[in-house]
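In: Generate coordinates for the sequence data below:
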Amino acid sequence: MKKFKDFAKENILDGEKCRMDDIINQEVKIVGCAIKNSRYSKNNSGKYLTIQFEHNNKKQIAFTGSDVLIEQMEKYSEEMPFLATIRKINRYYSLT
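Out: Reported below is the predicted structural model:
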């Protein structure tokens, strides 16, 4: 009999939920992400990002519609895990 985990390709991100503003200007270890279509479409892409990271030895997740972060994660997700600092520049978030 097959096991679900052997054929399922879904990326399940777990961890304590936190707000993006709670980790601004702090270095975190990015360990996972998922980009999906948003029902609310407040941004240009119509997508939202779930980002999984480790901070202070705790696994956490945060959600954002930041087009800049979405583009960065689409471009660099194959490099995970990596250390990054999330900055808020004017009205948007960016990895540095």
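In: quick one: contacts of stretch 30-37?
Out: 11, 13, 46-54, 59, 70, 73-74, 77, 80-84, 95 (Cβ atoms under 8 Å, 6 or more residues apart in numbering). Where C-beta positions appear, they are placed from N, C-alpha and C, glycine not excepted.
In: at 10 Å instead, please
Out: Defining contact as Cβ atoms under 10 Å, 6 or more residues apart in numbering, one finds that stretch 30-37 is touched by 10-15, 45-54, 59-61, 63, 69-74, 76-77, 79-84, 86, 95.
In: Enumerate every residue touching N25.
Out: Counting by Cβ under 10 Å, 6+ apart, N25 touches T85, I86, R87, K88, T96.
In: Just the buried ones from these?
Out: Burial by neighbour count, 16 or more other Cβ atoms under 10 Å: within the contacts of N25 this picks out I86.
In: mind putting the contacts of N25 in TSV, distance to N37 included?
Out: Below are these laid out as TSV (distance: Cβ to Cβ, whole Å):
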residue	distance to N37
T85	28
I86	23
R87	26
K88	24
T96	27
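In: From the contacts of N25, pick the one nearest M20.
Out: Nearest to M20, judged by Cβ to Cβ, of those is I86 at 6.7 Å.
In: In terms of helices and strands, where is that closest one?
Out: If you go by DSSP states H and E, I86 is part of strand 82-89.
In: send the alpha carbons of that strand over as PDB?
Out: Provided in PDB are the C-alpha atoms of strand 82-89 (Å, rounded to 0.1, in the frame of the first residue of the first chain):
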ATOM      1  CA  PHE A  82      19.400  31.000   3.800                       C
ATOM      2  CA  LEU A  83      19.900  33.800   6.200                       C
ATOM      3  CA  ALA A  84      18.200  37.100   5.500                       C
ATOM      4  CA  THR A  85      17.000  40.300   7.100                       C
ATOM      5  CA  ILE A  86      13.500  41.500   6.200                       C
ATOM      6  CA  ARG A  87      13.500  45.300   5.800                       C
ATOM      7  CA  LYS A  88      10.600  47.600   5.500                       C
ATOM      8  CA  ILE A  89      11.500  50.300   2.900                       C
END
